[in-house]
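Colleague: sequence below, structure please.
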Amino acid sequence: MFDNKERTNLEELGEFGLIDHLTKSIIPNEKSTIKGIGDDAAVLDFADKKTLISTDLLLEGIHFDLRYVPLKHLGYKAVQVNLSDIYAMNGIASQITFSIGLSSKFPLEAVEEIYEGALIACKKYNVDLVGGDTSASAQGLVISVTSIGYVDQSKVVYRNGAKEGDLICVSGDLGGAYVGLQLLEREKKIFLDNPNIQPDLEGKDYIVERQLKPEARRDIVELLAEKDILPNSMIDVSDGLASEILHICKQSDKGCKIYEEKIPIDPMTYDTAFEFGLDPTVCALSGGEDYELLFTIPQSDYDKVKGLLDITVIGHITEPSAGCDMISKSNKVHPLIAQGWNSLKKKEED
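Modeller: Residues are numbered from 1 along each chain as shown. The predicted structure follows:
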């Protein structure tokens, strides 16, 4: 992950020296950032917009494995998964705070890589890093990101607004991040059994990137605005398609029907899933970490989305008594069950 020959112990800098070192070149670009790093708190001004705030915590051994996750990718992903929550509210992310807990095994060069990845994500998505914290950690690497954004009051989209008859839409494709994780875990096991064998990821770039370097879908928020589409409900796909649809249905007091044949799955995801003896549909329903946007729109907006390559209509919202079902390719009805990845359960099992 970093060159041990170039190793600067963090004790040489101290906490404030480390913060100064990591943030000395950060210059705010967002007009809503009045004061960024350098005081007790950031000062933001969103004028007449509604403010959106979301926080995510990433723990070593639970959310990521440093044996195959590059530190720069980790910093990038930590930001992306957080920005995704802002876009899921139909908002625009504008600032983040980035906090990190470090054990003594991490030299300055490793921390620099993490921050470099985070700042690449910030630059790509026009987001200012305006604060954070650093701390010693006895439990490995800990990263906490808080994202801040804004949206017009009339355009905030919640999970609880789905209406009967709404079309259920999803951006991009699903299951790739989970299948990419299976590939990385397989190669890790092979390496641990025989360190002389190099990882074999050739031709699998797409699904590996889906796991290691996801992209939050700000472009979909912008596309919906361009097409004059205001979803009735929306959520990001972090825990699997089934879990997210059930969140919308529960909070909206509705049912749903989705169609297996409509679920967008990339050919590489499909083929690699079969190589692992996995059902590609199950990977899409329960895999998680795709960070696509799942949303519902009125049927009257169908003509606006039907020609968009990156949005797929996969079903519709029903009355609550109809339940939440998936219609299989063989036309059988299967109740949707949330089997998404559960970090607390994983920790207990480990």
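Colleague: for Asn29, give me the pLDDT.
Modeller: Listed pLDDT for Asn29 reads 72.
Colleague: can you check Ala47 too?
Modeller: Confidence score, pLDDT, at Ala47: 83.
Colleague: show me the contacts for it.
Modeller: By CB atoms under 8 Å, 6 or more residues apart in numbering, the residues touching Ala47 are Ser32. The C-beta positions use only the backbone N, C-alpha and C, and glycine is treated the same way.
Colleague: can you tell me the element it falls in?
Modeller: For Ala47, there is no host helix or strand (DSSP states H and E).
Colleague: one more: Ser147?
Modeller: strand 142-151.
Colleague: could you identify the helix or strand that succeeds that strand?
Modeller: strand 167-171.
Colleague: what lines up beside that following strand in the sheet?
Modeller: strand 293-297 (antiparallel), strand 311-318 (antiparallel) (DSSP bridges).
Colleague: mean confidence for that strand?
Modeller: pLDDT averaged over strand 167-171 gives 98.
Colleague: alpha carbons of it, as CSV, please.
Modeller: Extracted in CSV, the C-alpha atoms of strand 167-171 (Å, rounded to 0.1, in the frame of the first residue of the first chain):
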residue,chain,number,x,y,z
LEU,A,167,-42.7,3.5,-12.2
ILE,A,168,-39.7,2.1,-10.3
CYS,A,169,-36.5,3.1,-12.0
VAL,A,170,-32.8,2.5,-11.3
SER,A,171,-29.6,4.0,-12.7
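Colleague: any residues touching that strand, and which ones?
Modeller: 217, 220, 231, 237, 241, 245, 256, 258, 263-264, 292-299, 301-302, 305, 310-317.
Colleague: now what about stretch 267-277, what contacts it?
Modeller: 173-176, 179, 182-183, 186, 204, 206-207, 210, 279-280, 283-284.
Colleague: one more pass at 10 Å, please.
Modeller: Stretch 267-277 has contacts (CB atoms under 10 Å, 6 or more residues apart in numbering) with 173-180, 182-183, 185-186, 203-208, 210, 265-266, 278-284, 287, 290.
Colleague: now do the same contact list for the residue nearest the centre of the chain.
Modeller: Nearest to the mean C-alpha position of the chain, by CA atoms, centre = their mean, lies Val81 at 3.1 Å. By CB under 10 Å, 6+ apart, Val81 lies in contact with 54, 56, 58, 63, 145, 147, 214, 216, 236, 238, 289, 291.
Colleague: which strand residues bridge the first one?
Modeller: Per DSSP bridges, the residues bridged to Ser54 are Ser147.
Colleague: ok, now the third one?
Modeller: When bridges are assigned using DSSP bridges, the partners listed for Leu58 are Ile143.
Colleague: correct me if wrong: it contacts Val145.
Modeller: Yes: look at Leu58 against Val145 with CB atoms under 10 Å: they come within range, at 7.8 Å.
Colleague: thank you kindly, that will do.
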